[in-house]
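> next one to model:
(2 chains)
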Amino acid sequence: MKKYITTPIYYTNGAPHIGHAYTTILADVFKKFEQMKGNDVFFSTGTDEHGQKNQHTCEAAGLPIDVFLEKQSGLFQAVFDRMGIDYDYFVRTSGEPHKEVVRSILTDLYDRGMIIKKSYEGLYCEGCEQFKKESDLDENGLCPDHKKAPKLILEENYFFRLEPYREWLREYIQLHPDWIKPQNYAKEVLKMLEEPLDDLCISRPKSRVWLGIELPFDKDFVTYIWFDALINYISTLKFGSNPDFNSYWANSYHLLAKDILKPHCIYWPIMLKAIGIEPVGKCIVHGYWIGEGGVKMSKSLGNVVDPNEVIDMMGVEPLRFYLINAMSISSDSPISISLLKQGYKQLANALGNLQMRVIKMVDKNLQGEIPSDVSLLAEDMEVLESVSKSFADVYKKDIDLETAIELSDCIMQACNKLNMYFANNEPWGLVKDETKMERFKQVVYTTLDALRLIATAIYPLMPNVAHSILKSLSADNEKLTAEFNPKALGVGKVIVPDPLFPYLG
RNA sequence: CGCGGGGUAGAGCAGUCCGGUAGCUUGCCAGGCUCAUAACCUGGAGGUCGUGAGGUUCAAAUCCCACCCCCGCAACCA
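Modelled structure (predicted):
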């Protein structure tokens, strides 16, 4: 089956932060998860390179626009590459293939009378370069940021009407309870849809914003950034010319943070409907990463977690694991260096140490030979079967925040279970008694085989760790799949590995 | 009274829909073990479950009511 996974395209005005890293890692985890189930996954990410803020930052930097955008977009590509993100396509909205699709959609909607020109009157603050609502102003009617009175100006613009589709969208959401996940966000969108929707202004006069896609039917305007950016999801799939478009789109997943719920769950489905495409398969919404103690991350507080610094300290994969495991489904989640270290230590102790203790034991006492032809006791089989089953159950689920968290949880549980099993059976005692060698081999085999299952299950979260463990078990020769069969470890020799998670100090 | 989410041991969370001895990870203390990465196993201390000498109930973290605090959305700023 074909599947399509997208991240939002990131605004190039700033540098990549932990939130960008999270959404993109989540998408990468989902891709690998689906690939293990045998699905053909197309994963896209990219950068959003238009709009007023980019324009300003570029002007302040004194760079030619293409140089500026290349540089900013490169920051995102660099960190994603460093994190080993296996994206299939990196879209840049400044690229011609994307612009062409946007223009053809605009032309089509305009020709069909769905885009209309009208005048807009509002209070405009020249400092903010934005229209203000009365409620945005302070008690004296001044802009709170610039302490200046906004001007009443009249401006012509192009608008796309949302209201005719409001009822349809409400019904769609009610009929598809899994369309927006977690469901509390669906509830929030339904609330937004209780009131009539204003027309969406989809143009900006070039006198204010020049960095954008020129309207094909009026050269004095560029396209509003959201109208442009959302279309990346279909321009990436080469809408209009790709014969596989429908099969990817039918199983598509948009990942997004909660701040961009409205564009993705109101503007976008309505735009799609108007274009003649069914809504995206599923929207997976997540919260924010905040500082420890629930305070917002800020440079002045010194609690900003920079993905590059974390990677320097502990490597990519512990960061991946932490981000997946620690994000709460229904609320924002804290992150800090000390919390990350805590997560790292858990991996080192429960998983890294488990691998090392059993492998060194086999290396020393069995000349590294993995025991073959062992007939396990019922209690051994129970361990392997319960671990297999917990993994198989998770892999049956559709991708979701819950699924990702559950996967990471059940891996930790399996590690804990194995450490306990190992300790209870005291193989270091068995090996000293000739008459107990058979039992020794059973215990060791069970632990090694469980480790193989854990390594397989952990692949989407920590691909290199998965391969390292399998390699140490001489089991790295097959393609990883979501099949978890107990007692399937082949013959061979173990290889004593370097520690997966060295002591951090 | 705009909308949504959250407030449970020092920290991070689960439990709340379907009321019934308050759980998990981490940190701290003690013991054990010794195969292993300052690891592993066992036990312990630590909580008036935001507030209300509120309501319902034999019984409330969980259901109802009121209030307080934090976060996000309330826009032509992603």
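
> can I take it that A:Gly14 is in a helix?
No. Counting by DSSP: H, G, I helix; E, B strand; the rest coil, A:Gly14 is not part of a helix but coil.

> how near is it to A:Tyr503?
35 Å (C-beta to C-beta, to the nearest Å). For every residue, glycine as well, the C-beta is placed using N, CA and C.

> neighbour-wise, which of those two wins?
Legend: neighbour count by other C-beta atoms under 10 Å for A:Gly14 and A:Tyr503, higher for A:Gly14 (13 against 9).

> next one, pLDDT for the more buried one please.
Model confidence at A:Gly14, given as pLDDT, is 84.

> and the one 5 residues further on, by the same measure?
According to the predicted model, the pLDDT of A:Gly19 comes to 89.

> next: A:Leu142.
67.

> my read is that A:Tyr344 contacts A:Met314, right?
Yes. A:Tyr344 is within contact range of A:Met314, at 5.2 Å (criterion: C-beta atoms under 8 Å).

> now the common contact residues for those two.
Taking C-beta atoms under 8 Å, 6 or more residues apart in numbering as the criterion, A:Tyr344 and A:Met314 both touch A:Phe501, A:Leu504.

> could I have stretch A:329-344 exported to PDB, CA atoms only?
Below are the C-alpha coordinates for stretch A:329-344, written out as PDB (Å, rounded to 0.1, in the frame of the first residue of the first chain):
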ATOM      1  CA  ILE A 329      -0.700  13.300  23.800                       C
ATOM      2  CA  SER A 330      -2.900  16.000  25.300                       C
ATOM      3  CA  SER A 331      -0.700  18.700  26.500                       C
ATOM      4  CA  ASP A 332       2.700  20.500  26.000                       C
ATOM      5  CA  SER A 333       5.700  18.600  27.300                       C
ATOM      6  CA  PRO A 334       8.800  19.700  29.100                       C
ATOM      7  CA  ILE A 335      12.300  19.200  27.700                       C
ATOM      8  CA  SER A 336      15.700  20.100  29.200                       C
ATOM      9  CA  ILE A 337      19.200  18.800  29.200                       C
ATOM     10  CA  SER A 338      18.700  17.100  32.600                       C
ATOM     11  CA  LEU A 339      15.500  15.400  31.400                       C
ATOM     12  CA  LEU A 340      17.300  14.300  28.200                       C
ATOM     13  CA  LYS A 341      20.100  12.900  30.300                       C
ATOM     14  CA  GLN A 342      17.600  11.000  32.400                       C
ATOM     15  CA  GLY A 343      16.100   9.500  29.200                       C
ATOM     16  CA  TYR A 344      19.600   8.600  28.000                       C
END
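
> buried sites along that stretch?
A:Ile329, A:Ser333, A:Pro334, A:Ile335, A:Ser336, A:Leu339, A:Leu340, A:Lys341, A:Gly343, A:Tyr344 (16 or more other C-beta atoms under 10 Å).

> among the residues you listed, which ones are in strands?
A:Ser333, A:Pro334 (DSSP state E).

> tell me who's in contact with the residue of chain A found nearest RNA strand B.
Among the residues of chain A, A:Gly352 lies closest to RNA strand B, at 1.7 Å counting by C-beta to the nearest atom of the strand. By C-beta under 8 Å, 6+ apart, the residues touching A:Gly352 are A:Pro499, A:Leu500, A:Phe501.

> could you list which of these also contact RNA strand B?
Residues of those in contact with RNA strand B (C-beta under 7 Å from any atom of the strand): A:Pro499, A:Leu500, A:Phe501.

> rewinding a little: the residue of chain A closest to RNA strand B in helix, strand or coil?
helix.

> for A:Gly46, same thing?
strand.

> the one 10 residues further on now?
The three-state label for A:His56, taken from three-state DSSP, comes out as helix.
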